[in-house]
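Peer 1: sequence and predicted structure, then a few things I'm wondering about:
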Amino acid sequence: MNQEKEFLKIAKLIASELSGEINDEDHQYLHNWLNESEQNRGIYNEIKKDGWYASNIKSIQEYKIKEGWNKINPRIHSISKTKIRKLPPNIWRYAAAAIFVGILATGYFFREHFFESPSEITPIIVNSNIEPGTSKAILTLEDGSVVELEKGNAFKTKSANSNGDQIIYKTGKQNSAKIVYNYLTIPRGGQFHVVLSDGTEVWLNSESQLKYPVAFTEGKAREVELVYGEAYFDVSSSSNHKGSIFKVFNQSQEVEVLGTEFNIKAYKDESNVYTTLVEGSVAVGTSVLRQSLVPNQQSNLDIKTNSITVKEVDVKAETSWKNGTFSFIDKPLKDIMKVVSRWYDVDVIFVNKELEKVEFIGILDKQQSIDEVLSIIKSTSMNDYEIKDKTIILK
């Protein structure tokens with residue numbers, strides 16, 4: 001394991017320990033790492049110091065990691081200069097990965113904030129009424145009628161009930177030869193949870209649409225379609241349905257499962273489809289390819305070339321959106337702002353195109369205000385921003 005991966009792993013272990021969720025095996029790994037050097041113990045102690053990660057505001061500026069580290073690390077800085085000089089040139093970058101646990105432990109976004117803002121210019125905000133997303137969806141019934149589902153409003157049909165946060169379909173099998181479908185469409189600024197008639201749970205992210213039967217046909221494959229967008233599936237095991245497999249289609253691929261948890265991201269404005277396996281097993285296929293995944297793997301289907309690549313990912317980061325956060329690990333600002341635009345229902349314009357490439361690490365609480373999010377970005381990488389109605393302009 002290279003040094004960067006090692007420090008990223010250690011950062012996650014310290015975060016797990018701080019939250020009380022570390023297991024015995026990981027605790028032993030962390031203990032061994034602490035015994036390796038005084039440098040390691042200094043990093044660990046500084047992070048765990050009472051109030052440290054709460055008192056530092058919100059982001060580490062990547063380009064001044066060494067200066068920032070010196071400011072918050074008097075214990076490590078007391079180690080002899082000779083020892084420090086012997087550290088690898090990019091040790092400060094790796095140490096920042098460990099500092100990142102302060103963000104993980106407190107729910108902050110981007111890197112921790114040890115630096116003065118590069119600009120004290122007051123952002124221009126004109127007629128802004130931007131709020132975080134909430135539970136809402138548009139349900140299209142089998143007869144074509146449309147119902148708006150939203151938090152606080154109950155709705156009931158002969159086959160389903162909704163409390164405004166989720167819709168639950170009654171357990172049952174399709175009796176007629178004709179399959180009856182519903183559509184659930186999540187607008188920008190929305191999210192929703194649906195429990196299908198077989199007990200499968202689906203969490204739908206902003207700007208997504210799911211097509212599914214009101215009830216599945218006994219003895220046949222259970223099939224749904226993610227028309228577009230992002231969804232997390234917790235599939236009811238085939239053993240509970242006489243071996244009936246579960247399939248998720250979209251316009252580019254098919255995912256076949258027996259009973260598992262996975263995430264599919266297939267937005268209309270992106271040329272790649274990402275399938276992330278949390279547990280169990282799935283097979284991702286196209287008209288000419290088929291690729292099996294094991295837990296912690298993600299397939300990337302390039303629609304333009306019809307090719308599939310597979311890599312290991314942090315599944316918690318990839319699926320954190322369904323649990324109230326957005327987690328970013330070395331994501332460019334262009335990709336982050338796509339997520340922000342969908343959740344806050346805004347448009348984003350980059351005046352400075354170089355900003356699109358700037359990468360960040362961190363966690364965004366989905367209930368943070370848009371001003372909080374943009375202020376953090378401003379403190380680390382850009383001169384200013386402007387909000388006009390529902391448009392954000394990054395400068």
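Peer 2: Noted; the coordinates are in hand. Numbering: from 1, shown residues only.

Peer 1: can you report phi and psi for residue 376?
Peer 2: phi -60, psi -50 (degrees, to the nearest 10).

Peer 1: what count of nearby residues applies to it?
Peer 2: Neighbour count for residue 376, taken as other Cβ atoms under 10 Å: 22. For every residue, glycine as well, the C-beta is placed using N, CA and C.

Peer 1: per-residue pLDDT, it?
Peer 2: At residue 376, the model reports a pLDDT of 72.

Peer 1: ditto for the one 5 residues further on
Peer 2: At residue 381, the predicted lDDT confidence score is 63.

Peer 1: and residue 330, by the same measure?
Peer 2: Residue 330 is assigned 76 on the pLDDT scale.

Peer 1: that one reaches residue 361, doesn't it?
Peer 2: Yes - counting by Cβ atoms under 8 Å, residue 330 touches residue 361, with 6.2 Å between them.

Peer 1: of the two, which one has the most company?
Peer 2: In this view residue 330 and residue 361 are compared by other Cβ under 10 Å, and residue 361 has more residues nearby, 24 against 8.

Peer 1: what's the spacing between the more buried one and residue 185?
Peer 2: Residue 361 sits 33 Å away from residue 185, going by Cβ to Cβ, to the nearest Å.

Peer 1: show me where the chain has helices.
Peer 2: Ranges of helices within the chain are 3-18, 24-34, 38-48, 52-55, 65-72, 74-77, 81-85, 91-99, 101-106, 315-319, 333-344, 370-380, based on DSSP state H.

Peer 1: quick one: the last one to chain centroid distance?
Peer 2: In terms of Cα atoms, centre = their mean, to the nearest Å, the centre of helix 370-380 is found 19 Å from the chain centre.

Peer 1: got the angle between that helix and helix 333-344?
Peer 2: With axes from the mean of the first three to the mean of the last three Cα atoms, to 10 degrees applied, the angle from helix 370-380 to helix 333-344 works out at 170 degrees.

Peer 1: domain map for the protein?
Peer 2: For the chain, automatic domain parsing gives the domain ranges 3-106, 124-129+324-394, 134-318.

Peer 1: and the last one, how far apart are its ends?
Peer 2: In terms of Cα to Cα, to the nearest Å, the two terminal residues of domain 134-318 are separated by 20 Å.

Peer 1: also stretch 254-265?
Peer 2: Chord length of stretch 254-265, first to last residue, is 13 Å (Cα to Cα).

Peer 1: and it, average pLDDT?
Peer 2: Here stretch 254-265 scores 93 as its mean pLDDT.

Peer 1: residues contacting it, please?
Peer 2: With Cβ atoms under 8 Å, 6 or more residues apart in numbering as the test, stretch 254-265 has contacts from 226, 229-240, 245-250, 273-286, 293, 315, 318-319.

Peer 1: would you mind listing the buried residues in stretch 365-377?
Peer 2: 365, 366, 368, 370, 373, 374, 375, 376, 377 (16 or more other Cβ atoms under 10 Å).

Peer 1: do stretch 169-187 as well
Peer 2: In terms of neighbour count (16+ other Cβ under 10 Å), stretch 169-187 has its buried residues at 169, 174, 182, 183, 184, 185, 186, 187.

Peer 1: next one: stretch 306-317
Peer 2: Going by 16+ other Cβ under 10 Å, stretch 306-317 has these buried residues: 308, 310, 313, 315, 317.

Peer 1: low-confidence regions, the chain specifically.
Peer 2: 1-8, 11-12, 15-21, 43, 45-128, 175-177, 379-382 (pLDDT under 70).

Peer 1: the longest strand in the protein is where?
Peer 2: Ranked by number of residues, the top strand in the chain under DSSP state E is strand 222-234.
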